[in-house]
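**Q** Here's my sequence, what's the structure:
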Amino acid sequence: MTYLNAHRWEELILKYLPNLEKFYLKYRAHCDEGYEPRMYRGQANQFISPFWIERQSIYEGDIDFNEIIYSIHPYK
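**A** All right, here's what the predicted structure looks like:
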């Protein structure tokens, strides 16, 4: 889940990739029976900060059978 830390991505992009125009990330979490996803439980969505809004990035989470697919991509 550390790959979905918006603050770390923001820091990395600002420091090392300041000219980056498009950012895509897809993370898949496998779910076994009885699995409860722990993504942002009790926390606000970090991908709605001014940094991500200015870049028109969208955060999505989809459940597909036995996995959860989290993605960050530019708004189309």
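**Q** can you give me the strands in this structure?
**A** In the chain, strands defined by DSSP state E lie at 25-30, 57-64, 67-74, listed in chain order.
**Q** Indicate which one of those is closest to Asn19.
**A** Ranking the strands of the chain by proximity to Asn19 (C-beta to C-beta) places strand 67-74 first, at 15.1 Å. All C-beta spots, glycine's among them, are computed from the backbone N, C-alpha and C.
**Q** what residue ranges in this protein are flagged as low confidence?
**A** Scanning the chain with the threshold set as pLDDT under 70 gives 1, 32-44.
**Q** the longest helix in it is where?
**A** If you go by DSSP state H, the chain has its longest helix at helix 6-16.
**Q** Now distance to Asn19 too, for the strands of the chain, in a markdown table please.
**A** Compiled in a markdown table, the strands of the chain are given as follows (distance: least, C-beta to C-beta, whole Å):
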| stretch | distance to Asn19 |
| --- | --- |
| strand 25-30 | 18 |
| strand 57-64 | 16 |
| strand 67-74 | 15 |
